[in-house]
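Novice: My questions concern the predicted model and sequence given below.
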Amino acid sequence: MPIADPVPATSGDDERSQRIRTLEAENARLRRLVARVRATSRKWHSQSAHAADRIAAAHAHAEERELAAARRVASVGERLAEAESAAHLLQAEVDRLRKQLANEEQLARERQSAAEATRQMAASVSVERQRFRKLDQHFRILAGRYFRRHAPETWDEFDREIYGTYKSLRASTPTKNGRTRR
């Protein structure tokens with residue numbers, strides 16, 4: 001098909017042509033704006049993606065720190081429980097040792113009172129021993145005098161018992177040098 005004859009130019013064509021040029025210029029300007037908006041949008045999108053990555057990393061780091069803190073708290077709780085258990089054991093040991101100390105102190109007081117009673121008894125025995133020695137000495141002197149004056153043939157049964165006692169006392173009583181008579 002053949003091309004139709006071109007249409008002759010009219011005065012309205014210049015206006016249209018001018019308007020087309022204006023629209024093309026406006027279209028180019030809008031394309032530049034769209035390109036700039038797209039570039040800005042890509043930039044913002046990239047920045048927002050980086051920000052989202054940083055936020056996700058911050059959240060992950062915060063979770064790690066929370067987990068580490070929870071582990072530390074659990075560890076501290078375990079150590080605290082162990083320390084409290086050890087403290088209870090030590091308190092029980094202290095109570096046991098206090099009771100043992102009280103028993104030992106009671107025994108010491110009893111021993112001290114027994115020692116004091118023994119000292120008092122020893123003092124009283126010493127006094128009694130001195131009295132007995134004096135009695136023994138008087139008895140031996142009197143018995144010695146009596147048995148030297150009376151011959152064994154004149155002794156009755158009672159005299160023989162007294163003489164036996166006299167001999168046994170004389171044999172068991174130490175002399176001044178510490179020996180006993182036989």
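Specialist: Now that the structure is in, tell me what you want to look at. Numbers count the residues shown, from 1 in each chain.
Novice: alpha carbons only for contacts and neighbour counts from here, please
Specialist: Noted.
Novice: quick one: the residue lying closest to residue 147 once chain neighbours are set aside from residue 143, how far?
Specialist: Nearest residue to residue 147, sequence neighbours excluded (C-alpha to C-alpha, 6 or more residues apart in numbering): residue 163, at 7.7 Å. Using C-alpha to C-alpha, to the nearest Å, residue 163 is found at 7 Å from residue 143.
Novice: Quick check: which ranges of this structure have low pLDDT?
Specialist: Counting by pLDDT under 70, the chain contains low-confidence residues at 1-11, 173-182.
Novice: quick one, longest helix in the chain?
Specialist: helix 11-149 (DSSP state H).
Novice: Whatever helix or strand comes next after that helix: which residues count as buried?
Specialist: As assigned by DSSP states H and E, the chain's next helix or strand after helix 11-149 is helix 157-172. Across helix 157-172, burial judged by 16 or more other C-alpha atoms under 10 Å covers 163, 166-167, 169-170.
Novice: just checking, what packs against helix 157-172?
Specialist: Contacts defined by 3 or more C-alpha pairs under 8 Å, 6 or more residues apart in numbering; DSSP states H and E place helix 157-172 against helix 11-149.
Novice: just checking, what packs against the helix it packs on?
Specialist: helix 157-172.
Novice: Off-centre distance for the helix it packs on?
Specialist: Remark: helix 157-172 is offset 76 Å from the chain centroid, using C-alpha atoms, centre = their mean, to the nearest Å.
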